[in-house]
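Asker: Predicted model, plus sequence, below.
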Amino acid sequence: MPNLGTLKTPKLKLTAAGLTDVGLLRSENQDRFWISKDKRILIVADGMGGHNGGSVASQLFIDTFEDATNKKKPNLSTRRAVKSWVDKLFISANAEIYQRGRNQLELWGMGTTAVVVVIGDDFVHCAHVGDSRIYRLRDNKFAQLSRDHSAVQDLIDQGHISESERKGHPRSHIVTRFIGDWQVEVEHHAYKWQEDDIYLL
């Protein structure tokens, strides 16, 4: 049998940065982001604009992941372990946000959308709820990795409107899933990472 030598795997080198802006339409910035110290867990949470406590909801979501990471990091060697860890924290954050919104009148109806990216040893795990998005730039091509949980996306999927009719649609602000509802369904995907990949949340 021929000697194939040692198989070399790409060395993981990570660079991460975050920026948030209130934008042109609102007076309060309800967006939150978090990057773990080792840059292997990245989160963006977008508090639901126009709802009481959107900024509270997005911060509670971030805090859930930060606290859990500080106590015990997930096993980054297997996709199953990462999916289970991420899913558990989405559910935990959802329960807290839902209960807080029910118990404090000024926070009634608060919620947030969120995207989470976890860089595993040989994979990238993506999870999201709502219409916040995850993109990947690879070989000079942008690909949207998340699918919007929104009324407009449902209309597109059902063939009622075209992709070109998305922008400016009167139902474009309606999300069909959010964190802070009575229950939450998280969408998960995992991909092999390649050197020079760029992820945009």
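Answerer: Arrived safely.
Asker: longest helix of this structure?
Answerer: Secondary structure of the chain per DSSP state H: the longest helix is helix 79-103.
Asker: So for that helix, what gets flagged as buried?
Answerer: 79, 82-83, 85-86, 89-91, 93-98, 100-101 (16 or more other Cβ atoms under 10 Å). (C-beta placed from N, C-alpha, C; glycine too.)
Asker: do stretch 34-49 as well
Answerer: So, applying 16+ other Cβ under 10 Å, buried residues of stretch 34-49: Trp34, Ile35, Ser36, Arg40, Ile41, Leu42, Ile43, Val44, Ala45, Asp46, Gly47, Met48.
Asker: Tell me which of those residues fall in strands.
Answerer: Mapping the buried residues of stretch 34-49 onto strands (DSSP state E) picks out Trp34, Ile35, Ile41, Leu42, Ile43, Val44, Ala45, Asp46, Gly47.
Asker: re earlier: could you identify the most distant pair in the buried residues of stretch 34-49?
Answerer: Arg40 and Met48 (27.7 Å; Cβ to Cβ).
Asker: about what we covered before: packing partners for whichever helix or strand comes after the longest helix of the chain?
Answerer: Per DSSP states H and E, helix 79-103 leads on to strand 112-119 as the next helix or strand towards the C-terminus. The contact analysis (3 or more Cβ pairs under 8 Å, 6 or more residues apart in numbering; DSSP states H and E) places strand 112-119 against strand 41-47, helix 54-71, helix 79-103, strand 123-129.
Asker: Mind checking these for the one nearest to Val22?
Answerer: helix 54-71 (10.9 Å).
Asker: which strands and helices sit next to the closest one?
Answerer: Against helix 54-71 (3+ Cβ pairs under 8 Å, 6+ apart) you get strand 31-35, strand 41-47, helix 79-103, strand 112-119.
Asker: got the end-to-end distance for stretch 46-61?
Answerer: 10 Å (Cα to Cα, to the nearest Å).
Asker: Quick one: mean pLDDT over that stretch.
Answerer: Across stretch 46-61, pLDDT averages out at 88.
Asker: low pLDDT regions in this structure?
Answerer: Applying pLDDT under 70 to the chain flags residues 1-10, 49-51, 154.
Asker: And the residue nearest the centre of it?
Answerer: Centroid-nearest residue in the chain: Val115, 0.5 Å away (criterion: Cα atoms, centre = their mean).
Asker: Hmm, it is touching Ile43, no?
Answerer: Yes - counting by Cβ atoms under 8 Å, Val115 does reach Ile43; the two are 7.1 Å apart.
Asker: Mutual contacts of those two, please.
Answerer: Residues touching both Val115 and Ile43 (Cβ atoms under 8 Å, 6 or more residues apart in numbering): Leu201.
Asker: ok, back up a step: any chance of JSON lines for the helices and strands packed on strand 112-119, columns distance to Glu163?
Answerer: Converted to JSON lines, the helices and strands packed on strand 112-119 look like this (distance: least, Cβ to Cβ, whole Å):
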{"stretch": "strand 41-47", "distance to Glu163": "22"}
{"stretch": "helix 54-71", "distance to Glu163": "28"}
{"stretch": "helix 79-103", "distance to Glu163": "28"}
{"stretch": "strand 123-129", "distance to Glu163": "19"}
